[in-house]
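Asks: after the sequence you'll find the predicted model.
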Amino acid sequence: MRLKSFFADTIEEAIAQARQEMGPDAMLVNSKQSSAEARHLGAYEVVVCSQEMEHELSASQLSRAVPAPGQSSLHNLSQDVSELKQQMERLAVTLARSQTGLAGFSSNPELARAFASLTGSELDIDLAYELAAGLESTASESALRAKLRALLRVDAELGCPDSSNRMVALVGPPGGGKTSALVKLLVQYGISARRPAQILSTDTYRIGAAEELRSYAGILGVGYQVVETTAALAQALEEHRNRDLILIDTPGLCRGEMENYQDLAEFLAAYPGMDTHLVLPASMRAADLKRVARQYADFKPRKLLFTRLDETETYGPILSQSVRMNVPLSFFCGGQRIPEDLQPATADFVVDLILKSVPASKFDRAAA
């Protein structure tokens, strides 16, 4: 498989160059604005590949071919090789799905722009191709928005429809913003709505975690309880079943710590009426989002809650992860204000993010 970049002042010109050199069966992989270093070559870069097979270097061959001044360089090279391998695997899937190759996009500038917009937001390459290829020949922005809205799933309701009260558990990696998201949900959907609420914390792992949430609970005037076992959690849920909203905080777990909390995962996955949200930072790389989602699969999350929308400018991975897991998006957080920097997920807002129609740092204004 052969990859090559082409530069020009417009995407259409770059695609035309690619088609002329690599033939009509070449596949459009990515299109974006050129980096500062390559700006002199053209305003836009288009990456294409052909099915021509060339000699592929293994990771060990690459390591021998590139001088390594230190361990850090070797580590970075290993990461680069791993990412390259993942990219090639995605390209293979894309090529297998496409029979028309580059020809369809190169002959239709509107399709090319739609594809460029999607890949520029770092939407999964195969998903971006499916969306763009499914558009009519007149690929207007309204048509692209309609395609995206049809693909999106959102559910900004707390709790399960068949439950007498709202039991919501937040799970996710360390530093992902679970505690902040929990407090925002508590204020907006508990205190502001005048619903009796209770916080249950299973996070006895992180130093100071209990004190932080206890302080919030004291300030807000809601009940707070630390539970150390799943049996204690079950008892607490029974004791507080008359509360309209029960929010469950869980420890942030790294890959090697998951086994220690397998019983908690199984408990939350099986408990009737439990609404478990996987909390992920929107600023996390797409590859890391997939890895973390696999780690938390045993919790069987019903929804995805994304934090730190104000710390990134590409939002395609949000939709990609929702489609990959086949679970809806629930809420977005993007700042430190409580509860202002919390917004229920809507299809239009996600589309606006992906197509860069609204800055995430202003997302609370979009909700107003």
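Replies: All right, it came through fine.
Asks: contacts, neighbours, all on C-alpha from now
Replies: Will do.
Asks: now the nearest residue to L151 once chain neighbours are set aside: which helix or strand?
Replies: If you skip the residues right next to it in sequence, L151 has V323 as its closest partner in space, 7.8 Å away by CA to CA, 6 or more residues apart in numbering. In this assignment (DSSP states H and E), V323 forms part of helix 316-325.
Asks: list of residues touching that helix?
Replies: For helix 316-325, contacts defined as CA atoms under 8 Å, 6 or more residues apart in numbering pick out 118-119, 121-124, 127, 151-153, 282, 285-286, 289-290, 304, 306, 328-329, 350, 354.
Asks: now do stretch 229-239
Replies: Counting contacts by CA under 8 Å, 6+ apart, the residues touching stretch 229-239 from outside are L200, T202, V227, D263, L264, F267.
Asks: and the pLDDT for Y315?
Replies: Model confidence at Y315, given as pLDDT, is 93.
Asks: any idea how far the residue nearest to L151 is from F306?
Replies: Applying CA to CA, to the nearest Å, one obtains 14 Å for the distance of V323 from F306.
Asks: which one's more surrounded, the two?
Replies: More crowded of V323 and F306, by other CA atoms under 10 Å: F306, with 26 against 16.
Asks: just checking, the more buried one is part of a strand?
Replies: Yes: with DSSP: H, G, I helix; E, B strand; the rest coil as the criterion, F306 is located in a strand.
Asks: what does the average pLDDT come to for the strand or helix carrying L185?
Replies: Assigned by DSSP H and E, L185 belongs to helix 178-186. Taken as a whole, helix 178-186 carries a mean pLDDT of 91.
Asks: which strands and helices lie in contact with that helix?
Replies: In this structure, helix 178-186 packs against strand 166-171, strand 245-249, strand 342-344, with contacts taken as 3 or more CA pairs under 8 Å, 6 or more residues apart in numbering; DSSP states H and E.
Asks: what angle sits between the second one and strand 166-171?
Replies: Pointing back at strand 245-249 there. Interaxial angle of strand 245-249 relative to strand 166-171 (axes from the mean of the first three to the mean of the last three CA atoms, to 10 degrees): 10 degrees.
Asks: may I have the beta-bridge partners of the closest residue in space to G223 that isn't next to it in sequence?
Replies: Distances taken as CA to CA, 6+ apart place Q198 nearest to G223, at 4.8 Å, with adjacent residues excluded. According to DSSP bridges, G223, I246 are recorded as the beta-bridge partners of Q198.
Asks: how much space between Q198 and V226?
Replies: Here the criterion is CA to CA. By it, Q198 lies 11 Å from V226.
Asks: can you give me the neighbour number for the nearest residue to L123 once chain neighbours are set aside?
Replies: In space, not counting the residues next to it along the chain, L123 is nearest to G316; the distance is 4.0 Å by CA to CA, 6+ apart. The number of residues packed around G316, counting by other CA under 10 Å, is 25.
Asks: how close does G316 get to V46?
Replies: Shown here: G316 relative to V46, a distance of 19 Å by CA to CA.
Asks: before we move on, back to that, in a markdown table, list the helices and strands packed on helix 178-186 along with mean neighbour count.
Replies: Putting these into a markdown table (neighbours: other CA atoms under 10 Å) gives the following:
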| stretch | mean neighbour count |
| --- | --- |
| strand 166-171 | 24 |
| strand 245-249 | 25 |
| strand 342-344 | 21 |
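Asks: now the ones you listed in TSV, with mean pLDDT?
Replies: Compiled in TSV, those are given as follows (pLDDT from 0 to 100):
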stretch	mean pLDDT
strand 166-171	95
strand 245-249	94
strand 342-344	93
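Asks: show me the one of these that comes nearest R145.
Replies: Each of these was scored for nearness to R145 using CA to CA, and the closest is strand 342-344 (19.2 Å).
Asks: check which residues of the following helix or strand past the closest one are buried.
Replies: Using DSSP H and E, the helix or strand that follows strand 342-344 in sequence is helix 347-354. When neighbours are counted by 16 or more other CA atoms under 10 Å, the buried residues of helix 347-354 are found to be A347, F349, V350, V351, D352, L353, I354.
Asks: how about V350, what does it touch?
Replies: Applying CA under 8 Å, 6+ apart, we find V350 in contact with L319.
Asks: just Q295 next, same as before
Replies: R255, M258.
Asks: how about S283: what's its closest non-neighbour residue?
Replies: When the adjacent residues along the chain are set aside, S283 lies closest to T312, with 5.1 Å between them (CA to CA, 6+ apart).
Asks: ok, of the contacts of stretch 229-239, which come out buried?
Replies: So, by 16+ other CA under 10 Å, the buried ones in the contacts of stretch 229-239 are L200, T202, V227, L264, F267.
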